[in-house]
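A.B. asks: Give me coordinates for this.
(3 chains)
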Amino acid sequence: MTSSPKPLTLNPDRLFPSDPAQRAIARRLYAEVTPLPIVSPHGHTDPSWWATDAPFADATELLLVPDHYLFRMLYSQGVPLDALGIPRADGSRAAVDPRAAWRLFAERFHLFRGTPSSMWLDHVFAKVFGLRVRLGADTADHYYDAITEALQTAAFRPRALFERFGIEVIATTESPLDPLAHHQAIRDSGWSGRVVTAYRPDPVIDPEHEGFAAALERFGEITGENVYDWDGYLRAHRQRRGFFAGMGATSTDHGHPTCATADLPAPQARALFTRIATGEFTPADAELFRAQMLTEMAAMSLDDGLVMQIHPGCFRNHNRALFERHGRDKGADIPLRTDYVHALKPLLDRFGNEPGFRLILFTLDESTYARELAPLAGHWPCLFLGPAWWFHDAPEGMWRFREQTLASAGFYNTVGFNDDTRAFLSIPARHDVARRVDCAVLAKLVAEHRLEEDDAAEVAADLAYHLPKRAYQL
Amino acid sequence: MTSSPKPLTLNPDRLFPSDPAQRAIARRLYAEVTPLPIVSPHGHTDPSWWATDAPFADATELLLVPDHYLFRMLYSQGVPLDALGIPRADGSRAAVDPRAAWRLFAERFHLFRGTPSSMWLDHVFAKVFGLRVRLGADTADHYYDAITEALQTAAFRPRALFERFGIEVIATTESPLDPLAHHQAIRDSGWSGRVVTAYRPDPVIDPEHEGFAAALERFGEITGENVYDWDGYLRAHRQRRGFFAGMGATSTDHGHPTCATADLPAPQARALFTRIATGEFTPADAELFRAQMLTEMAAMSLDDGLVMQIHPGCFRNHNRALFERHGRDKGADIPLRTDYVHALKPLLDRFGNEPGFRLILFTLDESTYARELAPLAGHWPCLFLGPAWWFHDAPEGMWRFREQTLASAGFYNTVGFNDDTRAFLSIPARHDVARRVDCAVLAKLVAEHRLEEDDAAEVAADLAYHLPKRAYQL
Amino acid sequence: MTSSPKPLTLNPDRLFPSDPAQRAIARRLYAEVTPLPIVSPHGHTDPSWWATDAPFADATELLLVPDHYLFRMLYSQGVPLDALGIPRADGSRAAVDPRAAWRLFAERFHLFRGTPSSMWLDHVFAKVFGLRVRLGADTADHYYDAITEALQTAAFRPRALFERFGIEVIATTESPLDPLAHHQAIRDSGWSGRVVTAYRPDPVIDPEHEGFAAALERFGEITGENVYDWDGYLRAHRQRRGFFAGMGATSTDHGHPTCATADLPAPQARALFTRIATGEFTPADAELFRAQMLTEMAAMSLDDGLVMQIHPGCFRNHNRALFERHGRDKGADIPLRTDYVHALKPLLDRFGNEPGFRLILFTLDESTYARELAPLAGHWPCLFLGPAWWFHDAPEGMWRFREQTLASAGFYNTVGFNDDTRAFLSIPARHDVARRVDCAVLAKLVAEHRLEEDDAAEVAADLAYHLPKRAYQL
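C.D. replies: Prediction:
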């Protein structure tokens, strides 16, 4: 190769509008929020990182293997998951040299041009690892070596990075079956980092989850309740929610295929549960049970104060062959059109006006932002809007979220940013993107004389820091 | 309090793009439409204001109590409607000091940052009342006193404001049961202001309206027709439409939950009506009857020339407890996904090619702008698109309307602006926002060399003045 | 008339953002793609033009009569199709002076302000015909004469225009029943222009097409297969696909009302076909048969390598009276809400992971861009996204396509531009608009420091030239 690698630069004005008037305002707003710590109220990092503080293995294992944004794009262009060493459903992995996997990725990094992944990764490469050339076929080995070597040093241990990133608090997500041993170990270690859990009961609520029967049995063992009885099942939830809250949890999270809720009379709910618990249920029963359980969870939130989150509307495991080979969460999840207006009414009519109740809604169907979600959040006291989620977390998606929710929900029925990631190193990059986009949105409002700059500065700080703390009671 | 209140300014370039090239063009276009009078072809102001010309009571009664954009946002953040003195379903009101209600609002005015309400109100505060500081907790009393005092002066009587606002004509909306006494009084008074009515027959067409049976009975009394007979019922409509037209009406308006239309054979229509009139109908009957009545209304429009409007797609009274306590129109209405393509076909196949017929469509489902509404309006001779409506009347919503309808419908299958408000004082502000946004949209087209500025100036004047006059035959 | 006509200018910066930083980048990117030849992989031009190279008749016949974008807009504003000489369903045409039809159009050219038609036409007027004044009532005759005269010259013959336009290859679209005589004549002529066909089997696949029975019979005659037998019917398709491929086809195209696919067991597919072939089918049978045939076509693509395209989601012939009088494709087609996630799963589960298979998806439902299409294309190896189509091919629609597909699909799961037109003279204008918009999109990314300009230049050339060649194997 004769040409030298292309330089990697991280422009200080990135994501700000290029119009000079807007850019100047965005810079000033951003300067004020830059020092604020990171509050990460919802995500999927692994608590064992901070419990053990063991070093990360190598570039591929840290950055590529856990990131379905990356390997789904590579798969879409013909790279088999086995060639990247992505785990299989049975827990095995193809014998792949991690450097070879990294090269496959590096050679195709142009596929990510303009995507959020390339922004996040360039931020990680430049800011965290100090790399100065762009990733590509010609720099694959340089990258692999530089990153893998850095990871062996003390400064790149999980706790050191946590502190370097300025994380004030981070929430992980666990199943009710999780003993929270890592969270206990973190607490016992005396380390000052604040890592809390969140209660995600889908495995013991979704009867169509492939592991439901086993999970239910285990749920009974852990809690000592008769979870095949409706009352015992609900008591088991209350017990585990209490345990999670004791380990710092301030929220629950629910990932259902729809946002359906139900408010059945007790005898009907009990009869439905009997069909569910005995495995003799129809798909309609399963949907109704999930719907009923959202209302039951709301009822418990009124008692224990956990903030409720619903992440609905995804068709999971759309690729049958890939699911059979590689299992869940392998980049084959596709958003669905989602209704909120009819779906939420049973729960809202029961609890929607309760002063103590808070329900944070997310969506993968942007057509609901202006039509359903913002009007709902702009009326119901309990409702707040989570940020642009998953397929919509690019700068364009964040702009659409603000531009389509602002009129009816304002800024103050939203809850600031969630990074919602298991890609730990990208957390500062993701929060930085969100803050920059919010500052850009505000700068446009100021430049078009719809908001005064002093008010915009208050909003910027609220979105970056105060609203997530308040919404999640952190 | 030691800090002085923040200044309130109304920048002359507000809502124009900050790009200097676009802004300069927008200024020139806007300067040409500024002098044009206001044509308000659809809205919900109270004709008694101009009939009696009585002074408005106070700031709270004039600006807060009638404006569901405001109290729904306050309610979403935990302020009970009773604390604001919002009327209850039984007509009573909590005993609330209007100044205390105003303070609750003022303390929370930051909730409206970036929303259209804050733009409209700041315009009212600055232009109508000459206020020079921003509304907030510290200025609540100053605002309350200044506004309430002004309202006692002659210059703030309804007719004086109508003239000051440069309103050429305004349409109100009345039920067929309304005797139009206020409109008659306006005519009898010799005052020169032009206030016309519009025929809104929902109360005698929607069998699921809680007052339908009583309204139907009254419909018969007023018209002297046997309204329990299909032919008599239709004759009663024709009679009242004629009466409304005689009082200046040029349009009808229909607020149905969907846009469904039907074109039943006469015997089926008659049999359906019998079920409706006797109260022995299913929800499907009710929907079919509303659908059939849209087609019947179109048939009558062919005869009497009234322009037809459909405002579909809202889930009314989404909050059961709030509906029971406070009744309709209290900010708990949520848009629904809405189909137009199948829904309108029966009506269109019957009347859609008739030269004399005009049907103006609105939507709360923006996903239909580019997909359904613009293609329909860009083909059917009878169809025109009403402006961005209700939840979509913010500047962002207006931009989306233009950007998503322009390709297939052009500018000339749209009808300019409707303020659609009962907030009288905000009418100049709302028309000003609409004109500014349209000029901004045109300025972008000119700056990107897609339209010459002389042609854009013609379009700007058409959108601001000529198209609404033509579309509504005013 | 005393005023002189308005000048027509084609600004070299048209469609570029007016922000100076973005405009400068857009200019540089555009300068690099300007010299690239036109690749037109999907469209509806008439191969007889290049087979016979006969001159076009006049301005009306060339520009107005074939362009449903134009006459649908005129119809929407009250101009009868007969007044424009648009053919009727029976093949007859009203006796209309083409100059008079042109005047009707010219007088109403303001209806197209801001629409893509006006951009394309102004490009044609200025660049192809050298006109220097704007079209309007005052210049109608000047235009008609200038264009009609030019068409009689050698430089305006179809082959000369093809060469002048820099077309490297163009695809037309033919029914399986077409003998491809014009394509054969082009080949036999020794002319160097590359014109290929595409296999569009809708007439022999859609049982609800009014000519299906006759088409099926003819399909049997042409192929010599027993097309009333399932195996024979499939063999007939294979034979004609092979014949089309021999005449240069690299793709098939499928215009179904939905995107439904099916993967029936062979006995069920056979039984379904029997109902279809005998004409004893329900609407559900028809839908299921179209769905099954998409999967059958995919199976054949695996064998013969033809790239598959699906253009779904249009309600055809929405205006019954107009359809009866004037037939198909007369501007009365309206997009429909379209599902892809469930619809495509049967086909994808069968063939979606096959290395050799390529399926290009289009939509008329933009709400699926970010929610369904980009996530699908960003996962499945076979899927690629076709460009913004039909009602969405304006600059605004192209921007929405990029902004809503970029995050999940990137640039490299899209296939560049399709002009998809029968308006031959507008082809350079349409490609120019697409290139300008893509350069503008890229310029914004560069100006906001999300992409380096050297990488953006590679993307610009890929979108303009390399991706369509690769995707369509041209």
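A.B. asks: Using the record's assignment, carve chain A into domains.
C.D. replies: A:20-55+A:157-471, A:56-156 (automatic domain parsing).
A.B. asks: do you know which of the ones you listed lies nearest chain C?
C.D. replies: Evaluated over these, closeness to chain C peaks at domain A:20-55+A:157-471, with 3.5 Å, by Cβ to the nearest Cβ. (Each C-beta comes from the backbone N, C-alpha and C, glycine too.)
A.B. asks: I'd like the domains of chain A as a markdown table, with mean pLDDT, mean neighbour count and distance to C:Gly85 appended.
C.D. replies: Converted to a markdown table, those look like this (pLDDT from 0 to 100; neighbours: other Cβ atoms under 10 Å in any protein chain shown; distance: least, Cβ to Cβ, whole Å):
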| stretch | mean pLDDT | mean neighbour count | distance to C:Gly85 |
| --- | --- | --- | --- |
| domain A:20-55+A:157-471 | 98 | 20 | 41 |
| domain A:56-156 | 97 | 19 | 47 |
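A.B. asks: Of these, give the one that comes closest to B:Ala299.
C.D. replies: Across the domains of chain A, B:Ala299 has its closest neighbour in domain A:20-55+A:157-471 (31.7 Å, Cβ to Cβ).
A.B. asks: Run through the residues that contact the closest residue to A:Gly331 other than its chain neighbours.
C.D. replies: In this structure, A:Gly331 finds its nearest non-sequential neighbour in A:Arg72, 2.7 Å apart by Cβ to Cβ, 6 or more residues apart in numbering or on different chains. By Cβ atoms under 8 Å, 6 or more residues apart in numbering or on different chains, the contact set of A:Arg72 is A:330-332, C:378-379.
A.B. asks: what helix or strand does A:Arg72 sit in?
C.D. replies: helix A:68-76 (DSSP states H and E).
A.B. asks: Does at least one residue of the very next helix or strand once past that helix sit close to chain C?
C.D. replies: Using DSSP H and E, the next helix or strand after helix A:68-76 towards the C-terminus is helix A:98-107. No - using Cβ under 8 Å from any Cβ of the partner chain, helix A:98-107 never reaches chain C; the gap is at least 12.9 Å.
A.B. asks: Which elements pack onto helix A:98-107?
C.D. replies: helix A:68-76, helix A:140-151 (3 or more Cβ pairs under 8 Å, 6 or more residues apart in numbering or on different chains; DSSP states H and E).
A.B. asks: quick one: the longest one to helix A:98-107, angle?
C.D. replies: To tie it back to what came earlier, the one meant is helix A:140-151. Interaxial angle, helix A:140-151 versus helix A:98-107 (axes from the mean of the first three to the mean of the last three Cα atoms, to 10 degrees): 120 degrees.
A.B. asks: Quick one: end-to-end distance for stretch A:345-365.
C.D. replies: 18 Å (Cα to Cα, to the nearest Å).
A.B. asks: What of stretch A:274-283?
C.D. replies: End-to-end for stretch A:274-283, by Cα to Cα: 15 Å.
A.B. asks: hmm, who's touching that stretch?
C.D. replies: A:207-208, A:213, A:216, A:227-228, A:230, A:233, A:285-286, A:289.
A.B. asks: secondary structure class for A:Phe384?
C.D. replies: Secondary structure, DSSP: H, G, I helix; E, B strand; the rest coil: A:Phe384 is strand.
A.B. asks: coming back round to it: include secondary structure and distance to B:Met247 when you put the contacts of stretch A:274-283 into TSV, please.
C.D. replies: TSV is the format used below for the contacts of stretch A:274-283 (DSSP: H, G, I helix; E, B strand; the rest coil; distance: Cβ to Cβ, whole Å):
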residue	secondary structure	distance to B:Met247
A:Pro207	coil	62
A:Glu208	coil	61
A:Ala213	helix	71
A:Leu216	helix	69
A:Val227	coil	69
A:Tyr228	coil	70
A:Trp230	helix	62
A:Tyr233	helix	65
A:Asp285	helix	58
A:Ala286	helix	58
A:Phe289	helix	57
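A.B. asks: Good, we can wrap up now.
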